[in-house]
Structure formats: C-alpha cells, structure tokens
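# this one's structure only:
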C-alpha cells in the first residue's frame, strides 16, 4: 500500500513548515483516515474514516467549523450532530480493502478506534490518539506490516490522567510505551500527530531522539512529515 501523510500536527499552534497540518493520511489515493483539515477533501477519497471526533482529527468539530458538503461515505466510532457520519463497529469492504475498526482507549468524552487496513497480504494499523488497546483485540494485531500512531508525548508514561468521579484513565501514551506495546506485532512504526515536545526540541533533534529509541528497541522508526509518501515493503517488492 502507498501511504501519503497529509498532516502530522496535534492540537497545538503550527511552528514547523513540514508539520503544520493536522491529522490525516491517504491510502493509495483512495481512503482517507482522519480529517484534520478541510482541504483534505480535495483529494477526492472514496471513503473517509475518522478515529475520533476531536477537532484535530475531524476539523468540522471545531467551533464554527462547517461540515463538508459531500456525498463521500464517512465513518467514525459515533455519530456527529451534523452531517451523515455512519457508525462503524464491524469490518467493511471497500474495493480490494478490508477495514476493521478496533476500539482504543484515549478520551473520556468521545469514543475512539483504530483501523486495521488489509489489502491482499498487507496489513497496516492506523491508531489515531491512544494509550491502550484492550487485550481481547490483540489477536487482530498480529503480523502488521506497519503501525501508524500517536507521537503526542516523547517521555515515558506520556500524559495519562484519571477521572476523579470514575477513576477511568484517559490521555496519550508516551512514545516509548507505544514502541513496547506494538513491538510484538510489527517491526515498523510510523509516528505522526506530534505534540509540543517535537516543536520545542526542533524537528531535527526530535528526529534524532526517535531514531535513538528505534535503536534501543531494535525497531524501524519512521518520522512522518506533511506530504511524505511511503510504501510498504511488500508493495515495493511488487513494483
């Protein structure tokens, strides 16, 4: 599969030219995952899949945001008050692709889910923001060619808080935690959705840090940027 990274910025002010657009990736120029910027509709995807209804993943949720005038099928873990978003809880087929939603732990206020994208013998997981995937779903994560996941926090532990009323956790895992979590399932992790740490360090130093973590955990770590295009190794071999 061919992956085009459309946006790599979390919910922070833009300060780096190649990390200025909010979340979105395009698979084979056909499937859009996350809709962080209104302009992503200009790629004319066949379907749109949203991990959760936070404004940096669904631009129209922002105050004053206008739901796109489009008949492109749009899926998410829950409905939105406007538009025609469909709830996706079971796998669907779109042409040669099978899309399987996998619930993730992230927010108290909105539901969230990752998407397993299968095309032939290729398997990519796109997570959006997360700190955990429950063990009952781990069987779906076997033999992943690539994981595309959350770079919000570089430090061990990330930022995970607990609701004082329910003690339910919410937030983001740290990058080291995510590397260890996904290591049994893949050798390649592509990080996007960078938080303020990335911009404070500067993109060059942030990339060095992530490459050091890759060496430490013997993982292939890829640092995404706006406009980056990458192919899975299986696609490269076919070409």
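Happy to help now that I have it. These numbers come from a predicted model, not from an experiment. Numbers count the residues shown, from 1 in each chain.
# Leaving out the residues flanking it, which one is nearest to residue 128?
With C-beta to C-beta, 6 or more residues apart in numbering as the criterion, residue 128 has its nearest non-adjacent residue at 2.7 Å, and that residue is residue 51. Yep, even glycine has a C-beta here, placed from its N, CA and C like the rest.
# can you check residue 116 too?
Residue 116 sits nearest to residue 100 (C-beta to C-beta, 6+ apart), 4.2 Å away.
# got it, and residue 145?
residue 232 (4.7 Å).
# again with residue 201
residue 209 (6.9 Å).
# Find the centremost residue of this protein, please.
Central residue of the chain (C-alpha atoms, centre = their mean): residue 128, 3.0 Å from the mean position.
# Can you tell me the SS state at the residue nearest to residue 201?
helix (DSSP: H, G, I helix; E, B strand; the rest coil).
# that older thread, now the residue nearest to residue 145: how far from residue 4?
Counting by C-beta to C-beta, to the nearest Å, the gap from residue 232 to residue 4 is 13 Å.
# Could you do residue 53 as well?
Counting by C-beta to C-beta, the gap from residue 53 to residue 4 is 23 Å.
# For those two, work out which one has more neighbours and name it.
residue 53 (21 against 17; other C-beta atoms under 10 Å).
# residues contacting the more buried one?
By C-beta atoms under 8 Å, 6 or more residues apart in numbering, the residues touching residue 53 are 61, 76-78, 80, 110.
# same thing with residue 62?
Residue 62 neighbours (C-beta under 8 Å, 6+ apart): residue 55.
# For it, what are phi and psi?
The phi and psi torsions at residue 62 (degrees, to the nearest 10) take the values phi -60, psi 150.
# Residue 55 too?
With angles defined as degrees, to the nearest 10, residue 55 sits at phi -60, psi -20.
# Can you tell me how far it is from residue 12?
Distance from residue 55 to residue 12, counting by C-beta to C-beta: 12 Å.
# helix/strand/coil for the residue nearest to residue 116?
What three-state DSSP gives for residue 100 is strand.
# residue contacts, the closest residue to residue 37 other than its chain neighbours?
Sequence neighbours aside, residue 21 is the residue nearest to residue 37 in space, at 5.1 Å (criterion: C-beta to C-beta, 6+ apart). Residues in contact with residue 21 (C-beta under 8 Å, 6+ apart) are 6-9, 36-37, 226.
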